[in-house]
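Q: Below are the sequence and a predicted model; questions follow.
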Amino acid sequence: MAVQSVQAPANVREEALPGFAVAAIREEGRWRCTRMAPEALVDLDAAITELRRLRCAGAVLGLLDVDDEFFVLLRPNPGGIAMMVSDAVAALDYDVAADVLDLLRVELPPDDDALDEPWPEGDLSILADLGLPADELEVLAGEVELYPDEQLAAIGRRCGFADALAEVVDAR
């Protein structure tokens, strides 16, 4: 009997990307963070599924630092999932960013000049109820001097889970 080889879908990379995927969970006024599976960096569906399994009465937030190039925020809600990507241009090179844009029904502009600067896209008010208004998140996402891990650390400081996030990220 011949053994058939099974290939992974083209949109899922065999090797994990550099970066990290962390879930921040707020229960009874306290934050805790936990590492998500490495697949979350390359497969948006895997990230969303993992976050939805973390059912709790408080906030659940997914933070993805993808290849030290951009970050994605994910937040399950009763109507689906809120999401934002720090630089939509990353969709040209990364499946997870392209998947975010697909779900948001957003296309990249045809003008190459518009692709030179970071282009945050999605629900910029995703963290407004946690202390980070949309306009400030947009400014933070556009900070070209900061790496995504630094941007996510700043988000953690602003929302109150910086220590829990640092503990998980530093343990990798």
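A: Okay, I see it.
Q: Strands of the chain, residue ranges please.
A: Here the chain has its strands, by DSSP state E, at 19-27, 30-35, 60-66, 70-77, 80-85, 121-122.
Q: Just name the most buried of the ones you listed.
A: Greatest average neighbour count among the strands of the chain goes to strand 60-66 (a mean of 25), per mean count of other C-beta atoms under 10 Å. Backbone N, C-alpha and C define where each C-beta goes, glycine included.
Q: Span of stretch 137-156 from start to end?
A: The separation between the terminal residues of stretch 137-156, taken as C-alpha to C-alpha, to the nearest Å, is 12 Å.
Q: Name the surrounding residues that touch it.
A: The contact list for stretch 137-156 (C-beta atoms under 8 Å, 6 or more residues apart in numbering) reads 19-20, 24, 63, 65-66, 68-71, 73, 84, 86-87, 117-118, 120, 124-127, 132, 162, 164-166, 169.
Q: Return the set of buried residues in the helix ranked longest in the chain.
A: The residue-count maximum for a helix in the chain (DSSP state H) belongs to helix 148-159. Neighbour-count burial for helix 148-159, counted by 16 or more other C-beta atoms under 10 Å, picks out Pro148, Asp149, Gln151, Leu152, Ala153, Ala154, Ile155, Gly156, Arg158, Cys159.
Q: got the contact list for the residue nearest the centre of the chain?
A: Taking C-alpha atoms, centre = their mean, the centroid of the chain lies closest to Val72, which sits 2.3 Å from it. By C-beta under 8 Å, 6+ apart, Val72 lies in contact with 44, 47, 62-64, 66, 83-86, 96-97, 100.
Q: give me that answer again for 6 Å
A: Contacts of Val72 were listed using C-beta atoms under 6 Å, 6 or more residues apart in numbering, and they are Leu64, Val85, Val100.
Q: Also Asp123?
A: Ala82, Met84.
Q: Please tell me the pLDDT value assigned to it.
A: Per-residue pLDDT puts Asp123 at 97.
Q: So what does it look like in phi/psi?
A: phi -80, psi 90 (degrees, to the nearest 10).
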